[in-house]
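Q: no letters, just coordinates:
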Ligand SMILES: [Zn+2]
Ligand SMILES: [Zn+2]
């Protein structure tokens, strides 16, 4: 654990990517092999099975530190991170735990499903043997999932440096469902016999297009299609089996049983990149319908009927077992179209249609109709582009619709977390409903640190009431919020829920009397559904 | 906030600060008053504009330097002095050189105002001396259990390692620390020195005053136009917070910056500063320190101020103390987001 903590300290202290890669590559060359595998797993977002729950950790730590729970919570609100709070409030360690990262992971895995008393004793013993930084990391392992400020791409680059393997091969090797508990480092970085893997290829990603696309050159060089609002997925057909992976590298085959039929007709050795959408009456259903399917391991017949899924295909990554990713997009699309044409009718798979346009203003006009098509905007892909590894600027762009906006007033403020601990950054907003103010959204991003500091100062001076870390303030500060969509939500007081609300700007110029009304939001809702 | 007229106690809380009706003086007032007793020279305690000042002899030179031509009377640590119907005395607070707690006694009833304090001896400031009292008014800047300091020697060793590693790479070290107290504490504690110490003029001015008073401080060079990485390779430059990246920095080629403050205990705050190292070093008491200090006074009544007052008060009340909050007119109750005031 000491070695892992030292790596973390180095990564945490620098924002320079070169220094991070150097530190990681050094670790991948010299750390015990089992620790390397675990580090790769953690940095690629794989979570170990949880041995303890967050409330258990909180209770045990508070008791070990001799603190009442409310004081632990106050401390948590200031530190903004459970793992850090626990590491800080515990009394200094009395022992010296020399176990490695993988030793700890194995011990934690053995703890799952043991009685609470056994788990508690093991955790307390570990806490008492770890220094402050190691304790923080140990807690991060317990609470699951952390990135250490290192992207998967950066990690892959470091691993390539350490092993001498190609970055692209490594990226593919690290995809999918593997377990650091059973895989050795040698296995993990061994070349894969082509074609027999049900592992997804790394997804190519688009960069957001901030300005008009005129800068992109001749329109004829570009393929335009809708940016669909579903689950970006990869369908892999191998002889006798198929797999559906989400972009989050989750295997979702069983959640969409309706695609089982596709595997019977698609030639083996086919890999398709596409979007899973809920589909009805010849067009996508609102995202809310698909949401009902996400997170359900098994799908009841009724839901299957109400929110049937369809795969809209963007790209062909492999055909007849051959990796096509280096071929130009135009060729891949042509082959994809040919394969789809040969399928019998009635299958739940379509080609994402090309949007025809001759000049950029045509496309701009089309883009404005994206909402009617139930799309989020337009994708632009250079016809000559390969299927890139991850996000490479220049060839793929997403040109999203302008968001909806609403002017609303702040009602509550809460201190932020992490980098913004002790600044008030999380706000609850209200719109008018007659004389009343109805809370309808929370947002915590979109302003500068300087603005947050100014608002923090204001919140402190104007607090009306406190509820733990939350403060009620007079309804005076008006903000323009942006959001991507709106849906009915009986769980909320306003009857509405927004998708991705964030602050666009602080409207110093706007009095509270002129903010938007609940009726204006309801009108949007009716247009959306 | 209580108005001045509700005073029956030895000290009461007014919109100008702590007031002693029987002695007709204020302690660390934040608005102009006739007579101010001042715990130490930090600007949130020693403010301009009062008619007359009283502070320890050790604190006086810096206060004079900062406030200019003021009517200032001094008192030795432990010396008793009658003012009106009360007796006052000043006792070491261990916060910065010359800092004091102020004891006020009226007919056997003793109140103590802590000012800013820390428990661990820093090797330079007069060490904290617990004063037995009935009512204790305590700061609680770091009054939450997430704040636990490591021993000074350990932090200094970390600082020394950072400096040495930078010097070995030909990099100049720039450390921000408050110009009164923290900077000199680091100068005195970081020996044996890796290389030359260079002081920003604001730090140098205070250091010279303290040196003249007899505080043992290692030699240092004032940051002046001719002072560069060439003339002073491998230097450690001590600057006040906010002066890190200004015009002089160019003369020193590659630099590494660090910040020494109790707030560096929180990863979120460390990260908000971006590039640079954070050393957890504070001149205020940590959570165990606050609790130990309060216990040592034997006080049954405690008022808390300057920090995480609401949770700290509740915690003390749950420990069986009669605990209240002194509302202050000039300070946010937690870290000022940008300046990280201590
Ligand atoms: Zn102070
Ligand atoms: Zn202070």
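A: Nice, I can see it. None of the values given here were measured: they were computed from a predicted structure. Ligands and ions are numbered 1, 2, ... in the order given.
Q: where does the chain dip in pLDDT?
A: No chain was given, so I picked chain A. Residues of chain A meeting the criterion pLDDT under 70: A:145-147, A:191-197, A:417-421, A:527-529.
Q: let me rephrase: I mean chain B.
A: In chain B, residues with pLDDT under 70: B:1-7, B:192, B:244-246, B:273-276, B:327-342.
Q: in terms of helices and strands, where is residue 289?
A: Using chain A here. Following DSSP states H and E, the helix or strand that holds residue A:289 is helix A:287-291.
Q: switch to chain B, please.
A: Judged by DSSP H and E, residue B:289 forms part of helix B:287-297.
Q: buried ones in that helix?
A: B:287, B:289, B:290, B:291, B:293, B:294, B:297 (16 or more other CB atoms under 10 Å in any protein chain shown). In short, each C-beta sits where N, CA and C put it, glycine included.
Q: surely the fifth one and residue B:119 touch.
A: This means residue B:293. Yes: Residue B:293 lies in contact with residue B:119 (CB atoms under 8 Å); the separation is 6.0 Å.
Q: OK, contacts around residue A:337?
A: Neighbour list for residue A:337: residue A:351 [criterion: CB atoms under 8 Å, 6 or more residues apart in numbering or on different chains].
Q: quick one: secondary structure of it?
A: Counting by DSSP: H, G, I helix; E, B strand; the rest coil, the backbone at residue A:337 sits in helix.
Q: identify the residue nearest the spatially most central residue of chain A in space, chain neighbours excluded?
A: Central residue of chain A (CA atoms, centre = their mean): residue A:248, 6.9 Å from the mean position. Spatial nearest neighbour of residue A:248, excluding adjacent residues (CB to CB, 6 or more residues apart in numbering or on different chains): residue A:45 at 7.9 Å.
Q: for residue B:215, same thing?
A: residue B:97 (5.6 Å).
Q: how many residues are close by the one you found?
A: Residues contacting residue B:97 under the criterion other CB atoms under 10 Å in any protein chain shown number 26.
Q: any idea how far residue A:149 is from chain B?
A: 9 Å (CB to the nearest CB, to the nearest Å).
Q: helix, strand, or coil at that residue?
A: Taking three-state DSSP, the label given to residue A:149 is coil.
Q: ok, it - contacts?
A: Taking CB under 8 Å, 6+ apart, we find residue A:149 in contact with A:11, A:12, A:15, A:20.
Q: the last one should be in a helix, yeah?
A: This means residue A:20. Yes: read with three-state DSSP, residue A:20 is one of the residues of a helix.
Q: so the nearest residue to it once chain neighbours are set aside is in which element?
A: Among residues not flanking residue A:20 along the chain, residue A:11 sits closest, at 5.5 Å (CB to CB, 6+ apart). Element membership of residue A:11, judged by DSSP H and E, is helix A:2-13.
Q: please list the outside residues in contact with that helix.
A: With CB under 8 Å, 6+ apart, helix A:2-13 has contacts from A:19-20, A:23-24, A:27, A:31, A:35, A:39, A:98, A:100-101, A:131, A:133-134, A:137, A:148-150, B:267, B:271, B:277.
Q: mind giving me the domain ranges of the chain?
A: Let's take chain A. Structural domains annotated on chain A: A:2-143, A:204-400, A:404-528, as defined by automatic domain parsing.
Q: actually, chain B is the one I wanted.
A: Taken from automatic domain parsing, chain B resolves into B:6-146+B:284-339, B:152-279.
Q: let me know which of these is the nearest to ligand 2.
A: The closest of the domains of chain B to ligand 2 is domain B:6-146+B:284-339. By CB to the ion, the value is 4.4 Å.
Q: so which residues of the stretch 1-150 of chain B form strands?
A: B:12-14, B:17-20, B:25-27, B:35-37, B:52-56, B:72-75, B:81-83, B:86-92, B:100-106, B:109-113, B:135-140 (DSSP state E, counting those that start in this stretch).
Q: to residue B:123, which of the ones you listed lies closest?
A: Across the strands of the stretch 1-150 of chain B, residue B:123 has its closest neighbour in strand B:86-92 (13.5 Å, CB to CB).
Q: list the helices and strands that closest one packs on?
A: For strand B:86-92, the contact count by 3 or more CB pairs under 8 Å, 6 or more residues apart in numbering or on different chains; DSSP states H and E identifies strand B:52-56, strand B:72-75, strand B:81-83, strand B:100-106 as packing neighbours.
Q: reformat these as TSV; add mean neighbour count.
A: Shown next, in TSV, are the helices and strands packed on strand B:86-92 (neighbours: other CB atoms under 10 Å in any protein chain shown):
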stretch	mean neighbour count
strand B:52-56	22
strand B:72-75	18
strand B:81-83	13
strand B:100-106	24
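Q: could the ones you listed go into JSON lines alongside distance to residue B:242?
A: As requested, the helices and strands packed on strand B:86-92 are exported to JSON lines (distance: least, CB to CB, whole Å):
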{"stretch": "strand B:52-56", "distance to residue B:242": "26"}
{"stretch": "strand B:72-75", "distance to residue B:242": "28"}
{"stretch": "strand B:81-83", "distance to residue B:242": "38"}
{"stretch": "strand B:100-106", "distance to residue B:242": "28"}
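Q: and these: which comes nearest chain A?
A: Of all these, strand B:100-106 sits nearest to chain A, with 25.9 Å by CB to the nearest CB.
Q: who's in contact with that closest one?
A: Contacts of strand B:100-106 (CB under 8 Å, 6+ apart): B:10-11, B:20, B:22-23, B:27, B:37, B:39-40, B:55-56, B:59, B:77, B:85-93, B:110-115, B:117, B:129, B:131, B:133.
Q: are any of these buried, and which?
A: Buried among these by 16+ other CB under 10 Å: B:10-11, B:20, B:23, B:27, B:37, B:39-40, B:55-56, B:59, B:86-93, B:110-115, B:117, B:131, B:133.
Q: my guess is residue B:110 contacts residue B:134. True?
A: Yes: at 5.3 Å, residue B:110 counts as touching residue B:134 under the criterion of CB under 8 Å.
Q: right, and residue B:305 touches residue B:326 too?
A: Yes: if you go by CB under 8 Å, residue B:305 and residue B:326 touch, sitting 3.9 Å apart.
Q: before we move on, back to that, among the domains of chain B, which comes closest to residue A:445?
A: Between the domains of chain B, domain B:152-279 lies closest to residue A:445; by CB to CB that is 15.0 Å.
Q: compute the first-to-last residue distance for the closest one.
A: Terminal residues of domain B:152-279 lie 11 Å apart, using CA to CA, to the nearest Å.
Q: which parts of the stretch 51-200 of chain B sit against ligand 1?
A: residue B:116 (CB under 5 Å from the ion).
Q: figure out which of the domains of chain B is closest to residue A:302.
A: Using CB to CB, the nearest of the domains of chain B to residue A:302 is domain B:152-279, at 45.8 Å.
Q: no further queries at this time; thank you.
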